[in-house]
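# coordinates for the following, if possible.
(one chain, ligands or ions: 2)
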Amino acid sequence: MGEVDSAFIQELEHRPKLNVVEAGGIPVIDLSPLNHPEFYDDPGVLHSLIKEIGDACKNWGFFQVINHGVPSEVQIGIETAARKFFALETEEKRKVRRDENIVYGYYDTEHTKNVRDWKEVFDFTIENPTLLPASHKTEDKEVQELRNQWPEYPPELREAGEEYARAMERLSYTLLELIALSLGLPKKRFNGFFQDQTSFIRLNHYPPCPIPDLALGVGRHKDGGALTVLAQDDVGGLDVKRKSDGEWVRVKPVPYSYIINVGDIIQVWSNEKYESVEHRVMVNSERERFSIPFFFNPGHEVMVKPIEELISEESPAKYKEYNWGKFFKTRKTSNFKKLDVENIQIHHFSISDSSDK
Ligand SMILES: O=C(O)CCC(=O)C(=O)O
Ligand SMILES: [Fe+2]
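Numbering: from 1, shown residues only. Ligands and ions are numbered 1, 2, ... in the order given. Got it, this is the predicted structure:
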């Protein structure tokens, strides 16, 4: 194994099989009706789109969207700038290194569940500044104002990133509204939670890996926020745990599509009508891979709990409320360095928590 750091090695039961099943069935949803204003006057079209989205959230927790209205130039702009940035010398990239306090910037030693990921990332936030708790401790009320660090090279990264952020934000609100409708809620039921949003974008680069059977690009995890909108290149490597049988299946790259997944917050808001599904990234020994997730997250002050209209005597709340800012900060701290304690998870707030799901 030569000089590969043992921090990358997954426990035996989490190591990937090199021949993963390519997933048939992850729904591909055509959003083209949304680009036509008259769509909103046609209850038939709206109804079938909402049903498709609801079924995908329920059965998979994942779906892909095509004809989503994001211009291809915007996508190509950020991808090209990301490739240029990651091609720089490590020393240059480390000039915009993320640290424990400035949670945005370049980083190449992220851990998922205390195992190091085979990747390097560049994170930037979309609200400037973004407000976050200064520490993960409940008693500490201090709030920090966080700003992006942009590298000197490539100079266009900033503008491409800001343009991409606006496009992702627009698409995310549209999806959020369709999801609210699919739960029988008013279209804008969730929108208010995103005032002072803590959403951010991550540029991921997964270099070729000499031990793809032992390490992962990102270890198995669920996304902690509300919704993730992910762009991946044509290499492939994202595996989703299929709800029907628990099998890991590969998400086939579809050009100019986005992969959408329900995060933990929608699981809680919907009182588990929809679930956040586990996923991971496999790497390979030949080709590098790039991906760009947009994590759509509410404001730090938001207390996350099941939506009142979705709870009743027959279907009581499955979660106690928790504060998003503290949850996010705790997760960020544990991904920043290897800790000996378990990662924070929403099941810690489950009302009937007796498991270690
Ligand atoms: O690179 C990917 O395909 C997914 C990355 C991911 O799941 C994450 O960053 O949360
Ligand atoms: Fe993820």
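# tell me what residue 201 is bridged to.
Here residue 201 sits in beta bridges with residue 124, residue 294, going by DSSP bridges.
# kindly report the same for the one 4 residues further on.
Under the criterion DSSP bridges, residue 205 forms beta bridges with residue 120, residue 290.
# count of neighbours near it?
20 (other CB atoms under 10 Å). Every C-beta, even on glycine, is put in place using the N, C-alpha and C of the backbone.
# tell me how far it lies from ligand 1.
As defined by CB to the nearest ligand atom, to the nearest Å, residue 205 lies at a distance of 10 Å from ligand 1.
# in this structure, which residue is closest to the centre?
Centrality entry for the chain: nearest residue to the mean C-alpha point is residue 228, 3.9 Å, by CA atoms, centre = their mean.
# surely it is in a helix?
No: going by DSSP: H, G, I helix; E, B strand; the rest coil, the assignment for residue 228 is strand, not a helix.
# tell me who's in contact with it.
For residue 228, the contact set (CB atoms under 8 Å, 6 or more residues apart in numbering) comprises 259, 260, 261, 263, 293, 294, 295, 296.
# any idea how far it is from ligand 1?
Counting by CB to the nearest ligand atom, the gap from residue 228 to ligand 1 is 7 Å.
# quick check: pLDDT value at that residue.
Residue 228 carries a pLDDT score of 98 in this model.
# show me what it is bridged to.
Under DSSP bridges, the beta-bridge partners of residue 228 are residue 261, residue 295.
# what segments of the stretch 51-200 of the chain are helices?
Applying DSSP state H, counting those that start in this stretch to the stretch 51-200 of the chain gives helices spanning 72-86, 90-93, 157-182.
# so the last one versus helix 72-86, what angle?
Orientation note: helix 157-182 sits at an angle of 130 degrees relative to helix 72-86 (axes from the mean of the first three to the mean of the last three CA atoms, to 10 degrees).
# about what we covered before: keep the contacts of residue 228, but drop any that are not near ligand 1.
Among those, proximity to ligand 1 is found for residue 293 (CB under 6 Å from any ligand atom).
# looking at the contacts of residue 228, which is nearest ligand 1?
Distance to ligand 1, by CB to the nearest ligand atom, is smallest for residue 293 among the contacts of residue 228, at 4.8 Å.
# enumerate every residue touching the closest one.
201, 202, 204, 223, 228, 229, 230, 231.
# near ligand 1, which residues of the protein are found?
So the chain meets ligand 1 at 202, 204, 218, 223, 230, 232, 238, 279, 281, 291, 293 (CB under 6 Å from any ligand atom).
# ChimeraX command for the buried members of those residues?
Listed next is the ChimeraX selection for buried residues among the residues of the chain next to ligand 1, using 16 or more other CB atoms under 10 Å:
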select :202,204,218,223,230,232,238,279,281,291,293
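# can you add distance to residue 108 and give the residues of the chain next to ligand 1 back as JSON lines?
Listed next are the residues of the chain next to ligand 1 as JSON lines, based on distance: CB to CB, whole Å:
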{"residue": "202", "distance to residue 108": "13"}
{"residue": "204", "distance to residue 108": "11"}
{"residue": "218", "distance to residue 108": "13"}
{"residue": "223", "distance to residue 108": "21"}
{"residue": "230", "distance to residue 108": "20"}
{"residue": "232", "distance to residue 108": "20"}
{"residue": "238", "distance to residue 108": "20"}
{"residue": "279", "distance to residue 108": "21"}
{"residue": "281", "distance to residue 108": "15"}
{"residue": "291", "distance to residue 108": "16"}
{"residue": "293", "distance to residue 108": "17"}
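# thought residue 276 was touching residue 270?
No: if you go by CB atoms under 8 Å, residue 276 and residue 270 don't touch, sitting 10.1 Å apart.
# these two: which is more packed in?
Ranked by neighbour count (other CB under 10 Å), residue 276 and residue 270 place residue 276 first, with 25 against 22.
# coming back round to it: identify, from the residues of the chain next to ligand 1, the entry nearest to residue 331.
residue 223 (10.1 Å; CB to CB).
# now do residue 21, the pLDDT please.
66.
# oh, that last question was meant for residue 323, not what I typed.
So, for residue 323, pLDDT stands at 96.
# pretty sure it is touching residue 299, no?
No: with contact defined as CB under 8 Å, residue 323 and residue 299 do not form a contacting pair (10.6 Å).
# of those two, who's got more company?
residue 299 (19 against 15).
# give me the residue from the stretch 101-250 of the chain nearest ligand 1.
Nearest residue of the stretch 101-250 of the chain to ligand 1: residue 238, at 3.7 Å (CB to the nearest ligand atom).
# wait, that residue sits on residue 281?
Yes: with contact defined as CB under 8 Å, residue 238 and residue 281 form a contacting pair (5.7 Å).
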